[in-house]
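Asks: Give the three-dimensional model of this entry:
(one chain, ligands or ions: 2)
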Amino acid sequence: MGSVDRASEASPSRELGVAMPAGPLPSIGSPAGGPAPERPSARRVTWRSVAPSKWTCLVTGGAGFIGSHLAERLVQLGHHVRVTDDFSTGIRDNLVHLDGQLELLEGDLTDPGVCEQAVEQIDVVFHLAALASVPRSLTNPWATHDANVNATLHLIRASQAAGVRRLVYASSSSVYGDMPTLPKTESAEALPRSPYAAAKLAGEQYVLAYARGGLLNGVALRYFNVFGPRQNPHSPYAAVVPAFLKAALWCEPAMLFGDGGQTRDFTYVDDVVTANVLAASAPADLANGMVINIGGGRRTSLLALLQLIMQVTGREVKWERRPAREGDVRDSLASLDRAERILGYRPQVALDEGLKRTWNWLRSTV
Ligand code: NAD
Ligand code: UD1
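Replies: Ligands and ions are numbered 1, 2, ... in the order given. Sure, this is the predicted structure:
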């Protein structure tokens, strides 16, 4: 049976979980207000002088799974929200409940003109648009490269030209690959083992290079296996949680790639959204140019996940073994020390609670 480990016992510096109040954006040179981590020395970015209490935000990939939750939270906080999406994997239904409450710009961010339009008058860019999935990237690495790297560089350049105050980039735990030690710490060498992971690392490094160079204020969040309502269970590239929940719902066998002993640090989507809001408002002296893990803080094997899903759903789920996937990572667990120190982030939703919420959502869709 699988393992469940704790990553960090550090105590939170502040309480999270509920929506953060909208606050002024950080400014270059603002007091650090805490122990200074390693950070770049060049900070030549100039900021608009008056920090608004409400932000004008761009959420790229806002019609997708995580992006639609982030857009919803930002709207709830009273910020002005624009979403840019090309609906390649995102769907309109994810935003239908926000109709009339946000601006929607349909377009492909590999087009520099779309990037320029998207960032007009924007304070904070949350860049989530990407083609996710390791197997998809093995089937079509160029499409992954275009959407995840080329679009990111176009967006960075447009953001710089438009005077965007901060760019928060959605990176991935996949960049660590099979790093031999757990938990995975940001200071260790990235060892990507798929085109997807390499592309996420390239996008992240562009953001950080522009930040270190004093050209743009940017921070990269490395999300660890995110799950929750609206994550597509029907795609051939479906992630493991929605795929297993769908198997429970339809009383069909789950596909288990490999021996099921591989582990993941499953992170509920609301925690990832909170981390994004915190990253947008963290002091520049702490956050600018930084890469920060965002995880759930525990690792769970796929066999343990199946057991938990059976408990939560009250259904028996059988599984069929398949060969391990190419490019698959064996173990994953986030060190959350940096996230806590810089952002005050601590995950709030445990795996079983997140699975219950996701199960309730999935049942409501049929
Ligand atoms: P998703 O597929 O649901 O969302 C991605 C969105 O980006 C979609 O709405 C898609 O239509 C849009 N998009 C793709 N290419 C685009 C383009 N060229 N122009 C405009 N829009 C485009 O995926 P998600 O799971 O919500 O992932 C969001 C982000 O988080 C991605 O950057 C992904 O790499 C990252 N991430 C996800 C996870 C996870 O476990 N889901 C983990 C780590 C990192
Ligand atoms: C996932 C994300 C990726 C993100 C990464 C961060 C998806 C599709 N992929 O990759 O965007 O960067 O987390 O850690 O959201 N598996 C099965 N049966 C299934 C599906 C998957 O056994 O039906 C296995 C896989 O082989 C893998 C594990 O479950 O060992 C997790 O797979 P998946 O959910 O696709 O996530 P990652 O590849 O870890």
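Asks: Tell me the helix or strand right after the lowest-mean-pLDDT helix or strand in the chain.
Replies: Least confident helix or strand of the chain, by mean pLDDT, DSSP states H and E, is strand 4-6 with a mean of 36. Using DSSP states H and E, the helix or strand that follows strand 4-6 towards the C-terminus is strand 56-60.
Asks: how far does the following helix or strand past that next one sit from the chain's center?
Replies: Helices and strands here follow DSSP H and E; after strand 56-60, the next one along the chain is helix 65-76. Distance, stretch centre to chain centre, for helix 65-76: 12 Å (CA atoms, centre = their mean, to the nearest Å).
Asks: And for stretch 325-345?
Replies: The gap between where stretch 325-345 is centred and where its chain is centred comes out at 11 Å by CA atoms, centre = their mean.
Asks: Is any residue of that stretch near ligand 1?
Replies: No. Taking CB under 6 Å from any ligand atom as the criterion, stretch 325-345 and ligand 1 are apart, separated by no less than 10.3 Å. In this view, the C-beta of every residue, glycine as well, is placed from N, C-alpha and C.
Asks: how long is that stretch end to end?
Replies: One end of stretch 325-345 sits 32 Å from the other (CA to CA, to the nearest Å).
Asks: got the buried residues for it?
Replies: Buried residues in stretch 325-345, counted by 16 or more other CB atoms under 10 Å: 327, 329, 331-345.
Asks: Restricted to strands, list the residues you listed.
Replies: Applying DSSP state E to the buried residues of stretch 325-345, no entry is found in strands.
Asks: If we check ligand 2, which of those residues are in contact?
Replies: Among the buried residues of stretch 325-345, the residues within reach of ligand 2 (CB under 6 Å from any ligand atom) are S332.
Asks: How far off centre is stretch 169-180?
Replies: Offset of stretch 169-180 from its chain centre (CA atoms, centre = their mean): 12 Å.
Asks: Flag every buried residue along that stretch.
Replies: Residues of stretch 169-180 classed as buried by neighbour count (16+ other CB under 10 Å): Y169, A170, S171, S172, S173, S174, V175, Y176, G177, M179.
Asks: Alpha carbons of it, as PDB, please.
Replies: What follows is stretch 169-180, C-alpha atoms only, in PDB (Å, rounded to 0.1, in the frame of the first residue of the first chain):
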ATOM      1  CA  TYR A 169       4.000  32.600 -13.500                       C
ATOM      2  CA  ALA A 170       2.500  29.100 -13.200                       C
ATOM      3  CA  SER A 171       5.500  26.800 -13.200                       C
ATOM      4  CA  SER A 172       5.400  23.100 -12.300                       C
ATOM      5  CA  SER A 173       6.900  20.500  -9.900                       C
ATOM      6  CA  SER A 174       7.600  18.500 -13.100                       C
ATOM      7  CA  VAL A 175      10.800  20.600 -13.600                       C
ATOM      8  CA  TYR A 176      12.400  18.700 -10.700                       C
ATOM      9  CA  GLY A 177      12.200  15.400 -12.500                       C
ATOM     10  CA  ASP A 178      13.600  12.500 -10.500                       C
ATOM     11  CA  MET A 179      15.600  14.600  -8.000                       C
ATOM     12  CA  PRO A 180      16.900  12.000  -5.600                       C
END
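Asks: pLDDT on that stretch, on average?
Replies: When pLDDT is averaged over stretch 169-180, the result is 94.
Asks: Mind checking if it is in reach of ligand 1?
Replies: Yes. Applying CB under 6 Å from any ligand atom, one finds stretch 169-180 in contact with ligand 1 at A170, S172.
Asks: Mind listing residues that contact that stretch?
Replies: Stretch 169-180 has contacts (CB atoms under 8 Å, 6 or more residues apart in numbering) with 61, 66, 126-128, 130, 134, 152, 184, 188-194, 196-197, 200-201, 203-204, 207, 218-225, 265, 291, 293, 295, 329-332, 334.
Asks: hmm, try it at 6 Å
Replies: The contact list for stretch 169-180 (CB atoms under 6 Å, 6 or more residues apart in numbering) reads 127-128, 184, 188, 190-193, 197, 200-201, 204, 207, 220, 222, 224, 329-330, 332.
Asks: again with stretch 252-264
Replies: Stretch 252-264 is contacted by residues 225, 244, 247, 299, 301-303, 317-322, 324-325, 330-332 when judged by CB under 6 Å, 6+ apart.
Asks: if you set the cut-off to 7 Å instead, what comes out?
Replies: The contact list for stretch 252-264 (CB atoms under 7 Å, 6 or more residues apart in numbering) reads 2-3, 225, 243-244, 247, 299-303, 306, 317-325, 328, 330-333.
Asks: okay, how far is it across it, tip to tip?
Replies: This stretch, stretch 252-264, spans 23 Å end to end (CA to CA).
Asks: ditto for stretch 84-94
Replies: Start to finish, the residues bounding stretch 84-94 are 13 Å apart (CA to CA).
Asks: try stretch 311-320
Replies: Note: stretch 311-320 ends 19 Å apart using CA to CA.
Asks: roughly how far is that stretch from the heart of the chain?
Replies: Centroid separation for stretch 311-320 versus its chain: 28 Å, with CA atoms, centre = their mean.
Asks: tell me, how many neighbours does R322 end up with?
Replies: Using other CB atoms under 10 Å, R322 is surrounded by 10 other residues.
Asks: and the gap between the nearest residue to it once chain neighbours are set aside and ligand 2?
Replies: Using CB to CB, 6 or more residues apart in numbering and skipping the chain neighbours, the partner closest in space to R322 is F257 (4.9 Å). Distance, F257 to ligand 2, using CB to the nearest ligand atom, to the nearest Å: 4 Å.
Asks: Looking at the buried residues of stretch 169-180, which one is closest to V273?
Replies: Nearest to V273 out of the buried residues of stretch 169-180 is A170 (CB to CB; 11.3 Å).
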